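J.: coords please:
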Amino acid sequence: MLNSAAAGRRLALRVVAFQAAATLLTALVCLMIGPRASLAALAGGGAMTLGSLAAAWGAFGGGVVGAGTALGRLLLGTAVKWLVVALGLYLAMAVWQLPAVPVLAGAAMAAAAFVVSMKSAAAKRSTTRTTA
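T.: Residues are numbered from 1 along each chain as shown. Just a heads-up that it's a prediction; the model follows:
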């Protein structure tokens, strides 16, 4: 075995931390436009970050299981993530009437942080091996 469930949980939490940092940076930049734009960026990035946290909880919440169950949890976690993201974006733009561009910018930067954190983890993993 090259990886443990604990390593997966750590990676998932690292991704969420990267997304939260990217969301805060985006909100800080949007603060130059105005406080509503900053709040909008927080809402969009927060929806993406909360979705990733829900996916991580779904995928790693029940401990070590068989491959079929693990795949089911992963798929369910991904479905929950995108439901949370869609609901968050809907609430931010349609219900709270926040400006759409900062909402989408916050979500996009959080999604980009997901990719960057996974690439940095892959580069780190290529030099070290983790065992259970």
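
J.: who's in contact with stretch 102-112?
T.: 19, 22-23, 25-27, 30, 33, 37-38, 40-49, 52, 85, 89, 92-93 (C-beta atoms under 8 Å, 6 or more residues apart in numbering). Backbone N, C-alpha and C define where each C-beta goes, glycine included.

J.: filter the residues you listed down to the buried ones.
T.: Of the members of the contacts of stretch 102-112, the ones counted as buried by neighbours, 16 or more other C-beta atoms under 10 Å, are 19, 22-23, 26-27, 30, 37-38, 40-49, 52, 85, 89, 92-93.

J.: contacts for stretch 21-31?
T.: 37-42, 44-46, 48-49, 102, 105-106, 109-110, 112-113.

J.: among the contacts of stretch 102-112, which ones are in helices?
T.: 19, 22-23, 25-27, 30, 37-38, 40-49, 52, 85, 89 (DSSP state H).

J.: gap between the nearest residue in space to Leu42 that is not next to it in sequence and Gly58?
T.: Counting by C-beta to C-beta, 6 or more residues apart in numbering, Ala27 is the residue found nearest to Leu42 once chain neighbours are left out, at 4.6 Å. Shown here: Ala27 relative to Gly58, a distance of 27 Å by C-beta to C-beta, to the nearest Å.

J.: buried sites along whichever strand or helix holds Arg9?
T.: Assigned by DSSP states H and E, Arg9 falls within helix 5-30. Neighbour-count burial for helix 5-30 flags 11-12, 15-16, 18-24, 26-27, 29-30 (criterion: 16+ other C-beta under 10 Å).
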